[in-house]
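1. Predicted model and sequence follow; I will ask about them next.
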Amino acid sequence: MQGGEDKIVYREQSYIVIGIVFEVFNNLGFGYQEKIYQKALEAAFAKAGIAFKAQSPYAVCYKGNIVGRYFVDFIIDNKIVIEIKQGNHFSKKYFNQVNSYLKVTKLKLAILINFTSKGIKFKRLVNII
């Protein structure tokens, strides 16, 4: 492979997941709350035979004490964090949130997905730790 294509983290799984996200959007369209897209994605992932956990809790610990909890929208194949949003723009807050999820899960890849009025936007974030 040329041009660094072989360095894309979880390329095949990512393409499959993004394809399913587009399928859900094409079916539902824009304007629903995140929880509606969440439920539709759960059904679509299950139908496609993709191993996933929805609303997975992760504890943040400080010196052995739980000081907070995150609930990650999806963990795909115990490899990829999926965070979904609804709206037309990504915000710095979303990127910070997803980076925190990568840190607490210790996974390599997250995909931040935004259901917008003009279609799906997504960003891949790689855990550099």
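-> In hand now; what should we look at?
2. In this structure V104 contacts Y70, no?
-> Yes - using CB atoms under 8 Å, V104 is in contact with Y70, at 5.7 Å. Quick note: C-beta positions are derived from backbone N, CA and C, even for glycine.
3. Give the intersection of the neighbour lists for the two.
-> Common neighbours of V104 and Y70 are listed as Y58, V60 (criterion: CB atoms under 8 Å, 6 or more residues apart in numbering).
4. max-length helix in this protein?
-> Longest helix in the chain, counting residues (DSSP state H): helix 11-28.
5. just the CA coordinates of the helix or strand immediately after that helix in the chain, formatted as PDB?
-> Downstream of helix 11-28, the next assigned helix or strand under DSSP states H and E is helix 34-48. Extracted C-alpha coordinates of helix 34-48, given in PDB (Å, rounded to 0.1, in the frame of the first residue of the first chain):
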ATOM      1  CA  GLU A  34     -29.500  11.900  19.700                       C
ATOM      2  CA  LYS A  35     -31.400   9.200  21.600                       C
ATOM      3  CA  ILE A  36     -33.500   8.400  18.500                       C
ATOM      4  CA  TYR A  37     -30.300   8.000  16.400                       C
ATOM      5  CA  GLN A  38     -28.800   6.000  19.200                       C
ATOM      6  CA  LYS A  39     -31.700   3.500  19.100                       C
ATOM      7  CA  ALA A  40     -31.700   3.300  15.300                       C
ATOM      8  CA  LEU A  41     -27.900   2.600  15.300                       C
ATOM      9  CA  GLU A  42     -28.400  -0.100  17.900                       C
ATOM     10  CA  ALA A  43     -30.900  -1.800  15.700                       C
ATOM     11  CA  ALA A  44     -28.700  -1.400  12.600                       C
ATOM     12  CA  PHE A  45     -25.500  -2.600  14.300                       C
ATOM     13  CA  ALA A  46     -27.400  -5.700  15.600                       C
ATOM     14  CA  LYS A  47     -28.900  -6.400  12.200                       C
ATOM     15  CA  ALA A  48     -25.400  -6.200  10.600                       C
END
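6. How about residues contacting helix 34-48?
-> Contacts to helix 34-48, defined as CB under 8 Å, 6+ apart, come from residues 16-17, 20-21, 23-24, 27-28, 52, 54-55, 73-74, 76, 82, 84-86, 115.
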